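1. sequence first, then the predicted structure, then my questions.
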Amino acid sequence: MKAEVGKFFFGRHRSLFGIWCYDSVNVETGASSAVFVKDCFTYEEAVREMYSLNGWGMPKNITRKF
């Protein structure tokens with residue numbers, strides 16, 4: 001997924017998983033900044049929440065990549 005203003009993404013946040021929303025993206029340099037949205041307790045919860053916030057259909061299989 002490429003960084004786009006208004007898109008949500010997730011990653012590790014302390015001992016949980018956090019969701020952020022891109023608020024500025026510079027395509028020339030690749031720099032971006034994001035606003036923290038919420039914490040999720042599990043990887044699966046973070047994936048489902050990110051898909052929901054982005055308006056995508058729910059994934060059939062959720063495979064943890066990290």
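-> The structure has been received and is ready for your questions. Numbering: from 1, shown residues only.

2. does the residue sitting nearest the centre point of the chain sit in a helix, a strand or a coil?
-> Compute the mean C-alpha point of the chain, and by Cα atoms, centre = their mean the closest residue is residue 9, 1.3 Å away. When classified by DSSP: H, G, I helix; E, B strand; the rest coil, residue 9 comes out as strand.

3. which helix or which strand is home to the closest residue in space to residue 43 that isn't next to it in sequence?
-> Among residues not flanking residue 43 along the chain, residue 64 sits closest, at 4.9 Å (Cβ to Cβ, 6 or more residues apart in numbering). Bear in mind the C-beta positions are built from the backbone N, C-alpha and C, glycine included. If you go by DSSP states H and E, residue 64 is not part of any helix or strand.

4. number of nearby residues for residue 64?
-> Residue 64 has 8 neighbours, counted by other Cβ atoms under 10 Å.
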